[in-house]
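Engineer: kindly generate the corresponding structure for this input.
(2 chains)
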Amino acid sequence: MNPSFKLILIILISFEISFTRSLTANCVLIAVCLIYLMIHKIKLKTLGIVLLIPVIPAVALSITIAFFTPAQDYHFALVLFSRMFAYVLLGTSFTLINSPIELARSLEQNLHLPSKFAYGSLAAFGVLPKMKSTILTLQKAALMRGITLSYWSPKLYFKALLIAMNWSDELAQAMLSHGYVEDTTRTYAATIPIKSTDWAYMIVPILIIQPLLFLLP
Amino acid sequence: MSSIDIQNLNFNYQPNSTTLSDVNVQFEIGQFYLLVGPSGSGKSTLLKILTGLLPEFGGEIANGTFSIPNQLKVGLVFQNPNHQFTLDTPRHELEFVLENLRVDPELMPAKINSALAFCEIESLIDRQLNTLSGGEKQKVALAIVIAMERDIILLDEPFASIDPQSRAELIAKLVTLRDQQQKTIIIADHDLLGYKQVVDHVYTIHNQTIQTLSREDGLQLLTDFEKQVPAITSTLPIANLEVAFNFDELQIQIQQHALLSQSSLQIPSGKVTLITGENGIGKSTLFLSMAKLMKFSGEIQMNQTNIQKIKAKKYAREVALIFQDSENQFLTVTMREEIELSKQHRKSDYFNDAMITSCLTQLNLNELLDQVVYTLSEGQKKKLQILLMLIVEPEVLLLDEPLKGLDIDSIHQIVTILNAYRAEHQQTIVMISHQFSGLNQFVDYHLNFANQKLTYVETVS
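Structural biologist: So this is what the prediction gives:
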């Protein structure tokens, strides 16, 4: 499926479930996402980690709604609980299966977003793993000079911020020296097509989800 | 006009500090130039001005002009290999570059393949750039400039992390570009080996300005340098030496790709051991394992203790890794703050204030104390980095390409400081280097890394 269409689909659905209270719809979404991820052979370990992320906020939020609000609305508590998992699984279905470069190319070619935006977000994707390894290196570098920087040390993040700022400057220089000029036409190494099936894949799920959201409890 | 023409050029990063002053020089099209000068003398600055990155990204041209002949395009290979890529793999980066130049997509695969073939790195095409070694990244950077078909190719110490054989091959290829395609090549380098037969002109940069050497003087400079670099002599370690590190069935791999498989090896204590080997063979990864920054199987023992059983904090104080990329070592903002930080955890009074000041003066860093560390030149960063880690007095120093970006005088100063310290304290040094200039009488033993094995050899050429 075209990455931009998929992104739009996921944003639309997430937006809709934020404003509706259908437990059934949430459960259906969770089930569909799980099947989709299984079909694409997600590693069970990754899936486990993904499912652990929303546990604490989901439990905390539903307990608050169920027991500590005047209404004590158990249904709404369950809706919020399932909504958290729906968000995380929708997001995972998108990020684990599409490559960032495909998305950037699609945003540039299909949605005609400025290439600066497309490649900027791509660079941001790239920075995440780099940031992680930089923080580990920083901690080790500090330790070698007798300083323990814990994960909650502001010094660690101040330094990480400094490095990130430096990176953005270096990235701009790298892009410029590799011939990138803002707002000029570029050719495309790979064309990301919009097929009629892409339209179908986007519109059909949206149509199916509407009755679920508005008619079922 | 058939030359790059620089007239009365003055450049400064800050209003009251001049980096280049009154530069008057010409670079003729289709010639091969070598730019020589001490660390921090302005070589990178000049190359970045010619590429248009400066003053766009800082500083200002206070006076003067430069002109590049019509239609000719300039490409730059950066000094720091970590600073020049936007995307994740060589294929994607090359595609990005060709898209920017509006190349027809149908022609792209052929251009990409031929640029990679030129640098002999076809196998790296789909590797993640952040898993490549420093030398491999430099080759990718060069392949990109080749794919861009730049007429003027500027290279800022491109070979600092490249093994001697690849270096010789790449220089030969640059010569081919000059001879067959009339490209202009300008290389800034400290290691002057291998240029004598090929360069057309040698320019020196000193006291903020550039001097053009006559052909004879240029050749003389290169000949003198070659004489200064005698073969390093090393012996095989004798039995009964005190052992700092012992490897036992050590296996190191990176993403299922086996790098080292060593059943047994001893590294002597209190000595300097040099490790050499081709780019990407696993030298830096070995250091990361020895510094406990990376997983491995088997055992590494330090002073007869398994390093996995030594607490991270204690181990880090005993074994210091000098990272290949200096910026990884810095924790604060200015040079003064960095030095203060190292001073807090000194083990003895060897590096007292007077000693530190004298080292800073020796390394030509004494006037830069308030400068932000990121704005130092690569060579200055390297010198500061080594000093910072020496002040905390680790028992073992793992030096990953400590000579990168350093001129021969700076190398001598570093070696002098290290030797003076080692005369009083038994420090073990293990070091990775592709350059040997200035290392004679410093290195005791030499390990060659090839075919997933480390082997002691008797001499380095």
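Engineer: just give the number of residues close to the residue lying closest to B:Glu56 once chain neighbours are set aside.
Structural biologist: Spatial nearest neighbour of B:Glu56, chain neighbours left out: A:Leu176 (7.3 Å); criterion: C-beta to C-beta, 6 or more residues apart in numbering or on different chains. To be clear about C-beta, it is placed using only N, CA and C from the backbone, and glycine gets the same treatment. Applying other C-beta atoms under 10 Å in any protein chain shown, we find 17 residues neighbouring A:Leu176.
Engineer: mean confidence (pLDDT) on the strand or helix carrying A:Leu176, please.
Structural biologist: Assigned by DSSP states H and E, A:Leu176 belongs to helix A:154-177. Averaged over helix A:154-177, pLDDT sits at 87.
Engineer: dump the residue contacts of the residue nearest to B:Glu56.
Structural biologist: Counting by C-beta atoms under 8 Å, 6 or more residues apart in numbering or on different chains, A:Leu176 makes contact with B:Gly52, B:Leu53, B:Glu56.
Engineer: quick one: which of those has the most company?
Structural biologist: B:Leu53 (20 neighbours).
Engineer: domain ranges for chain A?
Structural biologist: A:3-102+A:192-214, A:115-177 (automatic domain parsing).
Engineer: and the longest one, how far out from the chain's middle?
Structural biologist: If I follow you right, that is domain A:3-102+A:192-214. 11 Å (C-alpha atoms, centre = their mean, to the nearest Å).
Engineer: got phi/psi on the residue in the stretch 251-400 of chain B that chain A sits nearest to?
Structural biologist: At 3.0 Å from chain A, B:His345 is the closest residue in the stretch 251-400 of chain B, using C-beta to the nearest C-beta. Main-chain dihedrals, B:His345, degrees, to the nearest 10: phi -120, psi 40.
Engineer: and the stretch 301-450 of chain B, which of its residues are near chain A?
Structural biologist: With C-beta under 8 Å from any C-beta of the partner chain as the criterion, the stretch 301-450 of chain B meets chain A at residues B:312-313, B:316-317, B:319-321, B:323, B:327-333, B:341-342, B:344-345, B:374, B:388-389, B:392, B:394.
Engineer: one more: the stretch 51-200 of chain B?
Structural biologist: Applying C-beta under 8 Å from any C-beta, we find that the stretch 51-200 of chain B lies next to chain A at B:51-53, B:56-57, B:75-76, B:78, B:83-88, B:92-93, B:95-105, B:108, B:130, B:144, B:148.
Engineer: out of the residues you listed, list just those in helices.
Structural biologist: B:Thr51, B:His92, B:Glu93, B:Glu95, B:Phe96, B:Val97, B:Leu98, B:Glu99, B:Asn100, B:Met108, B:Ile144 (DSSP state H).
Engineer: show me what contacts residue 217?
Structural biologist: As the question left the chain open, I've gone with chain A. A:Pro217 is in contact with A:Ser22, A:Leu23, A:Thr24, A:His75, counting by C-beta under 8 Å, 6+ apart.
Engineer: wrong one, chain B
Structural biologist: Neighbours of B:Asp217 in contact, by C-beta under 8 Å, 6+ apart: B:Val202.
Engineer: returning to that earlier point: which of the residues of the stretch 51-200 of chain B next to chain A are buried?
Structural biologist: In those, burial by neighbour count holds for B:51, B:53, B:75-76, B:78, B:83-88, B:92-93, B:95-101, B:103, B:108, B:144, B:148, counting by 16 or more other C-beta atoms under 10 Å in any protein chain shown.
Engineer: wait, what's in contact with the nearest residue to the residue of the stretch 251-400 of chain B closest to chain A once chain neighbours are set aside?
Structural biologist: Spatial nearest neighbour of B:His345, excluding adjacent residues (C-beta to C-beta, 6+ apart): A:Gly146 at 3.0 Å. A:Gly146 makes contact with B:Arg317, B:Gln344, B:His345, B:Val392, according to C-beta under 8 Å, 6+ apart.
Engineer: what about A:Gly146, which SS state?
Structural biologist: Following DSSP: H, G, I helix; E, B strand; the rest coil, the label given to A:Gly146 is coil.
Engineer: okay, it: pLDDT?
Structural biologist: Listed pLDDT for A:Gly146 reads 91.
Engineer: re earlier: list the contacts for the residue of the stretch 251-400 of chain B closest to chain A?
Structural biologist: By C-beta under 8 Å, 6+ apart, the contact set of B:His345 is A:Arg145, A:Gly146, A:Ile147, B:Arg317, B:Val392.
Engineer: any idea how far B:Leu20 is from B:Phe366?
Structural biologist: No Phe there; residue B:366 is Asn. Separation of B:Asn366 from B:Leu20 (C-beta to C-beta, to the nearest Å) stands at 22 Å.
Engineer: so for these two, which residue has more residues nearby?
Structural biologist: Just comparing B:Asn366 and B:Leu20: by other C-beta under 10 Å the higher neighbour count belongs to B:Leu20, 24 against 14.
Engineer: check contacts around the closest residue in space to that one that isn't next to it in sequence.
Structural biologist: Excluding the flanking residues, the one nearest B:Leu20 by C-beta to C-beta, 6+ apart is B:Phe11, at 4.3 Å. By C-beta under 8 Å, 6+ apart, the residues touching B:Phe11 are B:Thr18, B:Thr19, B:Leu20, B:Gly42, B:Thr45, B:Ile49, B:Leu54, B:Pro55, B:Gly59, B:Glu60, B:Ile61, B:Ala62.
Engineer: and the residue of chain B most remote from its centre, what's its pLDDT?
Structural biologist: Centroid-distance maximum for chain B: B:Glu106 at 36.8 Å, with C-alpha atoms, centre = their mean. Here, the pLDDT recorded for B:Glu106 equals 96.
Engineer: residue in chain A with the shortest distance to chain B?
Structural biologist: A:Gly146 (3.0 Å).
Engineer: now do that residue against B:Leu87, distance only.
Structural biologist: With C-beta to C-beta as the criterion, A:Gly146 and B:Leu87 are 38 Å apart.
Engineer: can you point out the buried residues in stretch B:171-179?
Structural biologist: B:Ile171, B:Leu174, B:Val175, B:Leu177, B:Arg178.
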